[in-house]
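Undergrad: any chance you could fold what I've pasted below:
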Amino acid sequence: MSDDSILSAKPDTLWKRVLLQADGIRNDSFRELALAWRDNPDLAVEQLDRLAAAVDKPSAWAAAVADVECDLQMGYAEIAIGEEQARGLADELVAAAELTSSARMRAERVVFFPHQRGLEDAA
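TA: Now for the predicted structure:
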């Protein structure tokens, strides 16, 4: 997809997984937080404090996020895309998935690194 796309997919640096980047969701979240700050700075700070208190507590994180979304009236994390963008994203996902699987298959064929030749007999 183009550089200004709101969704894109690519293999991670180790080519093990596909990374789906959702710039639109990130941008919308920051915009909603900025609007909440503009409209009611005290409430926004209170909600950020709530998130900060839960950041190291996985069991409390989901509830804190839900509370913040509700109290700051944040929208759902969703993106509407047209047919052309959907097809482009589908192509990126397929290409990235093929790259990760082909890299994995190549890695499975390499049992030893060149400097390890001969070690298989010693084992």
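
Undergrad: where does pLDDT dip in the protein?
TA: 1-5, 102-123 (pLDDT under 70).

Undergrad: so how far is stretch 56-68 from its chain's centroid?
TA: 18 Å (Cα atoms, centre = their mean, to the nearest Å).

Undergrad: what does it contact?
TA: Applying Cβ atoms under 8 Å, 6 or more residues apart in numbering, the external contacts of stretch 56-68 come out as 47-48, 50-51, 53-55, 74. No exception for glycine: its C-beta is placed from N, CA and C like everyone else's.

Undergrad: now the helix or strand where residue 10 lies - C-alpha only, PDB.
TA: Using DSSP states H and E, residue 10 falls within strand 7-11. Extracted as PDB, the C-alpha positions of strand 7-11 are listed here (Å, rounded to 0.1, in the frame of the first residue of the first chain):
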ATOM      1  CA  LEU A   7      -3.200  -0.200   7.200                       C
ATOM      2  CA  SER A   8      -0.200  -2.100   6.000                       C
ATOM      3  CA  ALA A   9       1.400  -5.500   6.400                       C
ATOM      4  CA  LYS A  10       5.000  -6.600   6.300                       C
ATOM      5  CA  PRO A  11       7.200  -9.400   7.700                       C
END
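
Undergrad: who does that strand pair up with?
TA: Under the criterion DSSP bridges, strand 7-11 sits next to strand 18-22 (antiparallel) in its sheet.

Undergrad: got the contact list for the partner strand?
TA: Contacts of strand 18-22 (Cβ under 8 Å, 6+ apart): 6-12, 77, 79, 93, 96-97, 100.

Undergrad: returning to that earlier point: how far out from the middle of the chain is the strand holding residue 10?
TA: 9 Å.

Undergrad: list the contacts of it.
TA: 1, 17-24, 79, 81, 85, 89, 92-93, 95-96, 99-100, 103.

Undergrad: what about these, which are in strands?
TA: 18-22 (DSSP state E).

Undergrad: turn the residues you listed into CSV, including neighbour count and distance to residue 32.
TA: Formatted as CSV, these follow (neighbours: other Cβ atoms under 10 Å; distance: Cβ to Cβ, whole Å):
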residue, neighbour count, distance to residue 32
18, 18, 27
19, 11, 24
20, 13, 21
21, 15, 19
22, 15, 15
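
Undergrad: sweet, I'm off.
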